[in-house]
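Colleague: Sequence first, then the predicted structure, then my questions.
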Amino acid sequence: MSEIFSKVSQIKDKIISEMSSVKDEASLKEFQEKHLSKKSELSQLMSEIKNLANEEKAKFGQCMNEARAAVNEAFQKKAQEINDALIAQKLKRETIDITLPGYNYKMGGINPFYLVQDEIIDTFVSMGYEVKEGPDVESDYYNFERMNIPANHPAREMQDSFYINPTTLLRTHTSPEQARAMDEKGGKPLMMICPGKCFRRDDDDVTHSHQFGQIEGLVVGKGITLANLKGTLELFIRKMFGEKREVRFRGSYFPFTEPSVEVDVTCMNCGGKGCPTCKGTGYIEILGAGMVHPNVLKMSGYDPKVYSGFAFGVGIERVAMLRYGIDDIRKIYQGDVRFIEQFSRK
Ligand code: PHE
């Protein structure tokens, strides 16, 4: 009866050699149906058991079990191989190339208005000035009365205004902070600056805007003179524009200072020859200043016979324009990235 045993062995070898042609999931499934089901060639052999002598039956069963185990083992190994290959393929397909450059986020820049404002503040803080703030919506009393501009004074017209109601307006300058600072100090010496927004019913053009920034400055003490004012402003202007730019002090009029000056710097557009930006004058005005008017000192509780002081108001945009050669103030407000990108703190 050894015939049947060698047949088992033959079939087993044949099945295992067929395994080499299994290359993918589909052929693996086909193979499984063909050789591992009850109807498989190997399982069919089981029916031969009835023809065997009793003493051979157990041996045949064992032989069949071994053959099936061998086929099964080969199948499991193959299934594992195919599965591993599939996973490897999938991983390859889904790989992320981490060497690719990332997205580049545009960082823009800092508006030159703030670059200049910060630099002016730093300059005065380094000289010992305090930094104050005041309200954008101001009373007629602080904006005009305390600045020696009573009702019906023609100087009110110089600063045509946005009124909220007959006694409240958007402040036309940062000068009311002079009065607020003096009130706070209660008659003692002081040095302060106050940056802030101002509003005027100006027609907008290349050097004017209905909203703009100023930095107010005020020094009050004993023996303060025009020489102190000039020295301070010259130091500040040289720091902002360097040694080469031409600076001009020009007599002027403000109701709250006496004497009053305006300070001009040579035009960034034409370098002083005269052009539409500077209206043909060759200069751009950047600040108004003067010795604090005795009436303003008196109203703020300082005796003008004992105390004197100087004050100034710098136009922030004007300084930015002169500093960076910006020919139109409106560019500062438009938020065009091509403009803003050119500025950074570096
Ligand atoms: N407040 C004035 C203006 O806005 C500027 C100024 C400030 C002049 C302080 C003199 C002293 O035009």
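Modeller: Great, that's in hand. Numbering: from 1, shown residues only.

Colleague: host element of residue 75?
Modeller: helix 54-93 (DSSP states H and E).

Colleague: Which neighbouring elements make contact with the next helix or strand after that helix?
Modeller: Counting by DSSP H and E, the next helix or strand C-terminal to helix 54-93 is helix 112-126. With contacts taken as 3 or more CB pairs under 8 Å, 6 or more residues apart in numbering; DSSP states H and E, helix 112-126 sits against strand 130-131, strand 190-199, strand 211-221, helix 226-241, helix 316-324. C-beta coordinates here come from the backbone N, C-alpha and C atoms, glycine included.

Colleague: what do you get if the cut-off is 7 Å, keeping everything else the same?
Modeller: strand 190-199, strand 211-221, helix 316-324 (3 or more CB pairs under 7 Å, 6 or more residues apart in numbering; DSSP states H and E).

Colleague: For the ligand, give me its nearest residue in the stretch 1-150 of the chain.
Modeller: residue 147 (7.6 Å; CB to the nearest ligand atom).

Colleague: Return the residues in contact with the closest residue to that residue other than its chain neighbours.
Modeller: Distance criterion CB to CB, 6 or more residues apart in numbering; nearest residue to residue 147, sequence neighbours excluded, is residue 256 at 4.2 Å. Neighbouring residues of residue 256 by CB atoms under 7 Å, 6 or more residues apart in numbering: 147-148, 175, 293, 296.

Colleague: Can you check the pLDDT for the residue of the stretch 1-150 of the chain closest to the ligand?
Modeller: For residue 147, the model assigns a pLDDT of 97.

Colleague: Wait, it touches residue 174, no?
Modeller: No. Counting by CB atoms under 7 Å, residue 147 stays clear of residue 174, with 10.8 Å between them.

Colleague: Got the phi and psi for the most centrally placed residue in the chain?
Modeller: By CA atoms, centre = their mean, the chain has its centre lying nearest to residue 107, at 6.2 Å. The phi/psi pair for residue 107 (degrees, to the nearest 10) reads phi -100, psi -10.

Colleague: Quick check: residues of the stretch 51-200 of the chain near the ligand?
Modeller: By the rule CB under 6 Å from any ligand atom, the part of the stretch 51-200 of the chain lying against the ligand is 173, 175.

Colleague: how close does the nearest residue to residue 306 once chain neighbours are set aside get to residue 190?
Modeller: Using CB to CB, 6+ apart and skipping residues adjacent in sequence, the residue nearest residue 306 is residue 222, 6.4 Å away. Separation of residue 222 from residue 190 (CB to CB, to the nearest Å): 12 Å.

Colleague: Of these two, give the one with the bigger neighbour count.
Modeller: residue 190 (20 against 9; other CB atoms under 10 Å).

Colleague: How confident was the prediction at the more buried one?
Modeller: At residue 190, the pLDDT value in this model is 98.

Colleague: Kindly report the same for residue 301.
Modeller: Residue 301 is given a pLDDT of 97.

Colleague: when you give positions from now on, start the count at 19
Modeller: Will do, 19 is the new start, and the previous item becomes residue 319.

Colleague: correct me, but it touches residue 205?
Modeller: Yes. Under the criterion of CB under 7 Å, residue 319 makes contact with residue 205 at 5.0 Å.

Colleague: Give me the neighbour count for residue 64.
Modeller: So residue 64, with other CB under 10 Å, has 14 neighbours.

Colleague: Look at it and give its secondary structure.
Modeller: helix (DSSP: H, G, I helix; E, B strand; the rest coil).

Colleague: now it, nearest residue through space, not along the chain?
Modeller: That would be residue 82: by CB to CB, 6+ apart, it lies 6.3 Å from residue 64.

Colleague: Neighbours of the one you found, how many?
Modeller: The burial count for residue 82: 20, using other CB under 10 Å.

Colleague: Residue 26 versus that one, what's the distance?
Modeller: In terms of CB to CB, residue 82 sits 6 Å off from residue 26.

Colleague: which ones are touching the residue nearest to residue 271 when sequence neighbours are not counted?
Modeller: Spatially, and ignoring its direct neighbours in sequence, residue 271 is nearest to residue 278 (5.4 Å; CB to CB, 6+ apart). Going by CB under 7 Å, 6+ apart, residue 278 touches 270-272, 306, 308.

Colleague: So what sits opposite residue 278 in the bridge?
Modeller: residue 270, residue 308 (DSSP bridges).
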